[in-house]
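> below: sequence and its predicted model.
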Amino acid sequence: MKIKSILILFLLAIGVNYAGAAISASAFMKEASDLLTSAKSATASFGIKSAGQPDITGNIAIKGDCFAVRTSVNSTIYNGTTQWTISTADREISIFEPTADEIAQVNPFSIIKNYNRNYNLKMLSADKSTVKVELTPKDTDSTIKTITISFGAASKLPKHMSITLDDGTVLHVSINDIKTNVDIQSTRFSVSTKDYPGYEVIDLR
């Protein structure tokens, strides 16, 4: 009886710990999401590393659901419905309406803002400096397998993301110099193909 009682208490303790972790992850993500959602805009610089691929650096501006990303490889503009990807090297402009997965791979802030709709949560670790949360897509057909986000514990702003895709590719994204409520002109989130003479336009809408 004594051994059984100890085992029951042990199992209950495990259950309490996991429940506590789930509540903590949900509560923390809500605060992080609310912080970004309540900001009228945000800007940041970032770097992306992936095995076998050249490193990419760039910057991002977001305003509501719109975002503009400029990297050392290309530029991606999204106006809330339509996305333009502009490749200077190939002199091409691709136009399409992206899925949530496609947006998440370009705009890491969308993952945080829409976490409750698209992901299940698990708290991996938390201390005074860093909180690490794992997100698993609710959609079983998602091209994203898992996302791990490291936040500043006090700022509740993301510092690093690891995005694992279903083909095994892992994108390591470092996020720096985040500024919120900056003045961003709405024209930054639209593209006129007339401004890119000589570019091939591939319209996939």
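That came through, no problem. Quick caveat: nothing in here was measured; it's all calculated off a predicted structure.
> where exactly do the strands run in the chain?
Taking DSSP state E as the criterion, the chain contains strands spanning 42-49, 56-63, 66-71, 75-78, 83-87, 92-96, 119-126, 130-137, 144-152, 158-165, 170-180, 200-203.
> quick check: which of those strands is nearest to residue 188?
Of all these, strand 66-71 sits nearest to residue 188, with 5.0 Å by C-beta to C-beta. (Each C-beta comes from the backbone N, C-alpha and C, glycine too.)
> can you give me the offset of the closest one from its chain's centre?
Here the centre of mass of C-alpha atoms in strand 66-71, compared against the chain's by C-alpha atoms, centre = their mean, to the nearest Å, lies 13 Å away.
> rewinding a little: now the strands of the chain as TSV including mean pLDDT?
What follows is those, written out as TSV (pLDDT from 0 to 100):
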stretch	mean pLDDT
strand 42-49	93
strand 56-63	93
strand 66-71	93
strand 75-78	95
strand 83-87	95
strand 92-96	96
strand 119-126	94
strand 130-137	95
strand 144-152	95
strand 158-165	95
strand 170-180	93
strand 200-203	95
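> what residues sit buried inside stretch 155-169?
Neighbour counts over stretch 155-169 (16 or more other C-beta atoms under 10 Å) mark 156, 157, 158, 159, 160, 161, 162, 163, 165 as buried.
> residue contacts, the first one?
Okay, so that is residue 156. Contact analysis of residue 156 by C-beta atoms under 8 Å, 6 or more residues apart in numbering lists 28, 31, 32, 35, 131.
> if we go to 6 Å?
Shown in contact with residue 156 (C-beta atoms under 6 Å, 6 or more residues apart in numbering): 31, 32, 35.
> same question for residue 101.
Applying C-beta under 6 Å, 6+ apart, the residues near residue 101 are 142, 143, 144.
> then residue 128?
Residue 128 touches residue 153, counting by C-beta under 6 Å, 6+ apart.
> hmm, try it at 10 Å
Residues in contact with residue 128 (C-beta atoms under 10 Å, 6 or more residues apart in numbering) are 153, 154.
> again with residue 184
40, 41, 42, 43, 61, 62, 63, 66, 68.
> likewise for residue 31?
Per C-beta under 10 Å, 6+ apart, neighbours of residue 31: 151, 156.
> ditto for residue 150
124-125, 129-133, 158-162, 174-175.
> picking that back up, now list the buried members of the contacts of residue 101.
For these, buried by 16+ other C-beta under 10 Å: 142, 144.
> the contacts of residue 101 into CSV, with extra columns for distance to residue 109?
Listed next are the contacts of residue 101 as CSV, based on distance: C-beta to C-beta, whole Å:
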residue, distance to residue 109
142, 18
143, 19
144, 15
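> beta-bridge partners for the residue lying closest to residue 188 once chain neighbours are set aside, please?
Once flanking residues are discounted, residue 188 sits nearest to residue 68: 5.0 Å by C-beta to C-beta, 6 or more residues apart in numbering. Residue 68 has these beta-bridge partners by DSSP bridges: residue 61, residue 77.
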